[in-house]
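J.: just the structure for this:
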Amino acid sequence: MKIKKFVGASMSECLRQVKKELGENAVILDSRKVPRGGPFSFLLNDMIEVTASTADRNLQGQGNSGRPGAIRNWGQAAETAQSSIQQALAAEVIQRTGTPQLAELNCLSDEIHELKETVYQMADHMKFSQLPSLPAELSRMHRDLLENGVDDRIVNTITQEITLELSGREFEDHKLLTRVLREKISKIAKTAPLMQEGVKPWVVALVGPTGVGKTTTLAKMATHPDIFGRKKVALVSVDTYRIAAVEQLKTFASIAGIPMEAVYRPADVRRAIDRFGDRDVILIDTAGRSQNDRGQLKDLAAFMDYAKPDEINLVLSISTRLEDQLDVIRKFKTAGAQRLLFTKLDETSNYGMILNICYHERKPVSLLTCGQNVPDDIIPPNQSQLVRLLCERSYFNDSLMPTAR
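T.: As a prediction, this is how the structure comes out:
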C-alpha cells in the first residue's frame, strides 16, 4: 500500500492530484490546512494538505467466506474522507469569505457544491468498486433493479446493506434474498390508505406541474369503484388559468351526476367545501403550475391555506427525469403535499423512478394511473404490489395493468 501527501491551493486541486497519481481507487486518509512559507506568508491563504493511499490488496475481493468485507472497509474509508474534506471546506470558507460581495459568495457556494458532489462520487466508487464480484443471485437482483430504472446510487446502497447482513450460503437462498430485498424497498417506498374512515367530508386536493394529468386522474378517482366511486362525491375546481378545463370538468360532472363548483379566489374555496358538507368525499382540482413561476406557486399555496384539505397529493409523471422531478418536489413544498401520485405508467417500461423519488422524498404513494380511460386506468396499489412493481420489471404488464387483471 502506497501512502503519499499532496499539497494544493484548494481541496479540488488536491483531489485532482490524488486521482492523477494514485488512481480512482485511492483512499483519502486525512486533510488539513498548512501555512505557506516565506516572509509574507501571513498575507496569503493557507494551503490544503491531503494524505491519501492506494488500496490495500488484502482488502480487495470477497475471499472464501462469501462475505464481502472489503465493502465495509470502503464504506468506512469513504465516510472518513467525506468528514475530513467537509471539515477542510468549512475552514476554507471561514478564511475566504471575510466580507465578500454577493457574487463571490455565490461562486464559493457553487465550488463547495461541486466539491461535495466529487466527494459523494468518490465515496460511492470506493464503497461499491467490489460489486461486480457479488454472489450470482444477488448480482442478478442488483442488475434487475438497474434495468428497472432505479438510480445506481440507490441500488448500490441497498445491495451493500444486504451484503453486510447475510453471509455464506445465505447468498444462494433465492427466497431469503427476495424477502430481504423487498423489506429494504418497503422501508423506502410505502403506500397510504385513500381516506380516514369516520371523517366526513374527506377533502382531497391534487397539485402538480402542467401536463401530468391531474384533471383526468380526479375524474377516475371520483368514479372508480375501488376508490371513491361508491361514495357520495363532490368536485371543486380552482383552475383559474384554463377556462376550457373547467368547462370540461363541468361536463364530466354533469354526465356522472356529481355536483361541482368552480371558484376563482382563495377565499371562496372554503365556502364551496362547506356547501358540500353532506358529501363523503370532496375532490379539489387545481391548475398545473410551472415550478419556475413563483407567482403561480404562491397562488396555489393560498388556495390550499384556505381549503385546508385532509390530504394533498403531488401528482408526478413517471416519465420525467429524476433531476426535474426533484426540482418540482422542492418548489412545490409550499403547497404542503403529504402524498405522491404517479401518472403515465403506460408510457414507460421502467418503474424504478417511483423508488428514486421515494428515496429522496419520504412520502407515501397513494395512487398510480396508466392511461386515459375513465374510470379504468387507475390503480390503488397495496404495499406488496408497489414493492413488486419496483423489484420486477415485468410485473406491471403481467399483473398490475388494468387490462391484465
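
J.: helices of the stretch 251-400 of the chain, residue ranges please.
T.: For the stretch 251-400 of the chain, the helices defined by DSSP state H, counting those that start in this stretch occupy 266-275, 294-307, 322-331, 353-360, 383-391, 395.

J.: most packed of the ones you listed?
T.: Ranked by mean neighbour count under mean count of other C-beta atoms under 10 Å, the helices of the stretch 251-400 of the chain are led by helix 353-360, which reaches a mean of 22. For glycine as for every other residue, the C-beta is placed from the backbone atoms N, C-alpha and C.

J.: which residues touch it?
T.: Contacts to helix 353-360, defined as C-beta atoms under 8 Å, 6 or more residues apart in numbering, come from residues 149-151, 154, 185, 188-190, 316, 318-320, 322, 325-326, 329, 340, 342, 365, 386, 389-390.

J.: does Glu49 touch Val7 like I think?
T.: Yes - assessed by C-beta atoms under 8 Å, Glu49 is found in contact with Val7 at 5.0 Å.

J.: and those two? which has more neighbours close in?
T.: Between Glu49 and Val7, Glu49 has the larger neighbour count (other C-beta atoms under 10 Å), namely 16 against 13.

J.: phi, psi for the more buried one please.
T.: Backbone torsions of Glu49, given as degrees, to the nearest 10, read phi -110, psi 130.

J.: could you report the neighbour count for His153?
T.: His isn't right for residue 153; it's Arg. Counted with other C-beta under 10 Å, Arg153 comes out at 15.

J.: please enumerate the shared neighbours of Glu49 and Val7.
T.: By C-beta under 8 Å, 6+ apart, the residues touching both Glu49 and Val7 are Cys14, Val34.

J.: who touches Ile185 in this structure?
T.: So Ile185 contacts Ile158, Leu355, Val387, Leu390, Cys391 (C-beta under 8 Å, 6+ apart).

J.: tell me the two of the residues you listed that are most distant?
T.: The largest distance within those, taken as C-beta to C-beta, falls between Ile158 and Val387 and amounts to 12.2 Å.

J.: and which of the contacts of Ile185 is nearest Lys231?
T.: Looking across the contacts of Ile185 and measuring by C-beta to C-beta, the closest to Lys231 is Val387, at 27.9 Å.

J.: what's the weakest-modelled helix or strand in the chain?
T.: Taking mean pLDDT, DSSP states H and E as the measure, the helix or strand of the chain with the lowest value is helix 69-97, at a mean of 50.

J.: quick one, phi psi at Leu138?
T.: Note on Leu138: backbone dihedrals following degrees, to the nearest 10 are phi -70, psi -40.

J.: please tell me I have it right and it contacts Leu164.
T.: No - here Leu138 does not reach Leu164: they are 11.9 Å apart, not a contact under C-beta under 8 Å.

J.: those two: which is more packed in?
T.: Per other C-beta under 10 Å, whichever of Leu138 and Leu164 has more neighbours is Leu138, with 21 against 14.

J.: look up how far Glu170 lies from that one.
T.: 10 Å (C-beta to C-beta, to the nearest Å).

J.: equivalent analysis for Thr403, please.
T.: Remark: distance between Thr403 and Glu170 (C-beta to C-beta) = 39 Å.

J.: tell me which of these two has more neighbours.
T.: Glu170 (17 against 11).

J.: what's the burial count for the closest residue to the more buried one other than its chain neighbours?
T.: Of all residues not flanking Glu170 in the chain, Leu176 sits nearest, at 5.9 Å (C-beta to C-beta, 6 or more residues apart in numbering). By other C-beta under 10 Å, 14 other residues sit near Leu176.

J.: what's the helix or strand for Leu176?
T.: helix 174-188 (DSSP states H and E).

J.: okay, the angle between that helix and helix 353-360?
T.: If you take axes from the mean of the first three to the mean of the last three C-alpha atoms, to 10 degrees, helix 174-188 sits at 60 degrees to helix 353-360.

J.: hey, what's the angle from the following helix or strand past helix 174-188 to helix 266-275? Just curious.
T.: Remark: after helix 174-188, the chain's next helix or strand is strand 202-207, criterion DSSP H and E. Angle, strand 202-207 to helix 266-275, by the same axes, to 10 degrees: 150 degrees.

J.: got the contact list for strand 202-207?
T.: 195-196, 214, 217-218, 221, 273, 280-286, 289, 300, 304, 307-315, 332, 335, 337, 341.

J.: among these, which are located in strands?
T.: Among those, the residues falling in strands (DSSP state E) are Val281, Ile282, Leu283, Ile284, Asp285, Thr286, Glu311, Ile312, Asn313, Leu314, Val315, Leu341.

J.: Glu21: which of the residues you listed is nearest?
T.: Using C-beta to C-beta, these come closest to Glu21 at Leu314, 47.1 Å.

J.: count the neighbours of the closest one for me.
T.: The number of residues packed around Leu314, counting by other C-beta under 10 Å, is 26.

J.: where does the stretch 301-405 of the chain have low pLDDT?
T.: Regions of the stretch 301-405 of the chain meeting the criterion pLDDT under 70 cover residues 404-405.

J.: in a markdown table: the contacts of Ile185, plus distance to Trp202.
T.: Below are the contacts of Ile185 laid out as a markdown table (distance: C-beta to C-beta, whole Å):
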| residue | distance to Trp202 |
| --- | --- |
| Ile158 | 35 |
| Leu355 | 28 |
| Val387 | 26 |
| Leu390 | 28 |
| Cys391 | 32 |
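
J.: which one of these is nearest Ile227?
T.: Val387 (20.8 Å).

J.: sorry, back to before: please report the distance of the residue nearest to Glu170 from Thr334.
T.: From Leu176 to Thr334 the distance is 44 Å (C-beta to C-beta).

J.: alright, I will stop here.
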